[in-house]
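> need a structure here:
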Amino acid sequence: MPCNVSFRGHVAYHRYMAIIESGIDAVEVRNGKLQFAALFHALADPTRLLILDHLRTGEHKVRELTEHLGLAQSTVSAHLSCLKDTGLVRVRSQGRASIYSLGQQEALDALAAAASALLPQDAAHHQWHEAHGTDRRED
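Numbers count the residues shown, from 1 in each chain. A predicted model of the protein is given here:
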């Protein structure tokens, strides 16, 4: 689940494949297109958005996040790794535990405001779930 993007040499590594850069790709890397793609990939998962939302309340250990989300520790750790790779989440050690917090609160708030402005006001939430084969019912 990590969304690692490395810009060493001429190969960028993403979670699914190595991307061999052509001359045009090298220009895109310099312009930050791969960093943008990694950022938007990290924000494209509803679970990662829930983690970010929960981290707004303050610092948390993985165990606390797993209890709150009802997910396996390995799943939460993988999501946190993806968020950490993009700088959205910071981690610090406290003894043997890792403590996670938001990396850029103000930037995330601005991004959330921009996303809200881009979304149509009459968009139905169920359309995404139906299109992606999930069952989420609003009660």
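> Surely Arg92 touches Lys61?
No: counting by Cβ atoms under 8 Å, Arg92 does not reach Lys61; the two are 10.9 Å apart. Placement of C-beta: from N, CA and C, glycine included.
> Who has more neighbours out of these two?
Lys61 (13 against 10; other Cβ atoms under 10 Å).
> which neighbours do Arg92 and Lys61 share?
By Cβ atoms under 8 Å, 6 or more residues apart in numbering, Arg92 and Lys61 have these common neighbours: Ser98, Ile99.
> What ranges in this protein fall below the confidence cut-off?
Within the chain, the segments meeting pLDDT under 70 span 1-31, 122-139.
> one more time with 90, if that's ok
Residues of the chain meeting the criterion pLDDT under 90: 1-41, 85-86, 104-109, 111-139.
> Tell me where it has strands.
For the chain, applying DSSP state E gives strands covering 11-13, 18-20, 60-61, 89-94, 97-102.
> In a markdown table: the ones you listed, plus distance to Leu111.
Listed next are those as a markdown table, based on distance: least, Cβ to Cβ, whole Å:
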| stretch | distance to Leu111 |
| --- | --- |
| strand 11-13 | 23 |
| strand 18-20 | 25 |
| strand 60-61 | 21 |
| strand 89-94 | 14 |
| strand 97-102 | 12 |
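> for these, which one sits closest to Ala38?
Among the strands of the chain, the nearest to Ala38 by Cβ to Cβ is strand 11-13 (9.4 Å).
> what are the C-alpha coordinates of stretch 109-122, in PDB please?
Provided in PDB are the C-alpha atoms of stretch 109-122 (Å, rounded to 0.1, in the frame of the first residue of the first chain):
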ATOM      1  CA  ASP A 109      -7.100  22.900   5.500                       C
ATOM      2  CA  ALA A 110      -6.500  25.000   2.400                       C
ATOM      3  CA  LEU A 111      -6.600  21.800   0.200                       C
ATOM      4  CA  ALA A 112      -9.800  20.700   1.800                       C
ATOM      5  CA  ALA A 113     -11.400  24.100   1.200                       C
ATOM      6  CA  ALA A 114     -10.300  24.000  -2.400                       C
ATOM      7  CA  ALA A 115     -11.600  20.500  -2.900                       C
ATOM      8  CA  SER A 116     -15.000  21.500  -1.400                       C
ATOM      9  CA  ALA A 117     -15.100  24.400  -3.800                       C
ATOM     10  CA  LEU A 118     -14.400  22.100  -6.800                       C
ATOM     11  CA  LEU A 119     -17.100  19.600  -5.800                       C
ATOM     12  CA  PRO A 120     -20.600  20.100  -7.200                       C
ATOM     13  CA  GLN A 121     -23.000  21.000  -4.400                       C
ATOM     14  CA  ASP A 122     -25.700  18.500  -5.600                       C
END
